[in-house]
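Undergrad: sequence first, predicted coordinates after that:
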Amino acid sequence: MRKSVFLICLLLFFLHACAKTETPSFTDSSLYLFGDSLSDVGNANISSAGLVPDKNYYDGRFSNGEIYPDFLAKAFSTPMKPSQSYGSNYAFALMRSLEIKAQIFNFQENVENKLDPDAVYILWAGANDLLQILQSPNSDNSVDLAVAHIKDAITKLSKLGVNQVFVLNQVNMGKTPRTNELEKSFPGMAAVASQLTDQFNSSLSEKLDELDADVDVAIKIIPFDVFNLFEDIVANKNNYNLDNVSEACYVKDEFNVELTGDEIICDTPNRFLFWDSIHPTTVGHSILAEQLLQTINAN
């Protein structure tokens, strides 16, 4: 039953990610996002009829409060809604880098000839690719393939007329609560996850440099280093008013979309970096938003 519900949700995610969401006020935003659950402000929740994420998450976000797109939108005084609610955030939980192209196709269908080339565009993808590779090493996915899909997505944005895009790399998968738990049963898992993250981020950096050097790609690419930001948070948690940077505040069976009653929520979520085994708390997102905003304003 658990597997069936999960597969149904996956199907809904894909169908809605490709669906056209027309609205006359679509271009009223100056901030557009493409990615997965780290950036999703409600698309998965709408598409799963409220099943995902569960009620212990905030307003369809995969955290206990607002996430970095919300904070950025407030800073820019611009709306922040999921594309399924006629908004400008196309990020969708569970999406791998391959599916980012479906999000951009949806975006293209919506904006038609009204694209704002000078808006802020953010692309953050690859986390689900890395999780899939770690869980199923023999899958048909790979780091190089994931990065190639991201490169293709950026090229597509360039062809649409977007002037610049902010591209985020990945946090150290070897230091997430999920990997920390797995390390107890499978020693060496953290090292493998960290090595995989390094491989992904290095490959992404190389591909972004290639795009920058390509005279046929007019878009300006601004990398943002999430990896080293979170490394600093983990190494210097007191500087960020955090107590726990290695465990999840909200502990649950994350492979079951239904609540079992065995869920545990910590007493001090504002002192935790991670809400669940892989998603940051709203505090973690606020730190990310603050740093990302500085980069955006500098460009």
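TA: Sure, I can see it. Here the structure is a predicted model, which is why all the values come from computation and not from measurement. Residues are numbered from 1 along each chain as shown.
Undergrad: does the most centrally placed residue in the chain lie in a helix or a strand, and which?
TA: Residue closest to the mean C-alpha point of the chain, counted by Cα atoms, centre = their mean, is residue 38 at 3.1 Å. Taking DSSP states H and E as the definition, residue 38 sits outside all helices and strands.
Undergrad: my read: it touches residue 284, true?
TA: No - counting by Cβ atoms under 8 Å, residue 38 does not reach residue 284; the two are 10.3 Å apart. In this view, the C-beta of every residue, glycine as well, is placed from N, C-alpha and C.
Undergrad: against residue 241, how distant is residue 284?
TA: Residue 284 sits 11 Å away from residue 241, going by Cβ to Cβ, to the nearest Å.
Undergrad: cool, residue 98 as well?
TA: Residue 98 sits 38 Å away from residue 241, going by Cβ to Cβ.
Undergrad: show me where pLDDT drops low in the chain?
TA: In the predicted model of the chain, residues 1-27 satisfy pLDDT under 70.
Undergrad: helices of that one, start to end?
TA: 2-18, 43-47, 68-76, 100-111, 127-135, 143-160, 177-185, 189-213, 226-235, 282-297 (DSSP state H).
Undergrad: run through who's touching the longest one.
TA: Contacts with helix 189-213, where a contact means Cβ atoms under 8 Å, 6 or more residues apart in numbering, come from 126, 129-130, 133-134, 143-144, 146-148, 150-151, 154-155, 167, 169-176, 179-180, 182-183, 217, 219, 221, 223, 227.
Undergrad: kindly calculate the angle that it makes with helix 127-135.
TA: 140 degrees (axes from the mean of the first three to the mean of the last three Cα atoms, to 10 degrees).
Undergrad: centre of the chain to helix 189-213, how far?
TA: Its chain's C-alpha centre and that of helix 189-213 lie 16 Å apart, by Cα atoms, centre = their mean, to the nearest Å.
Undergrad: ok, now the third one?
TA: Helix 68-76 has its average C-alpha position 15 Å from the chain's average C-alpha position, going by Cα atoms, centre = their mean.
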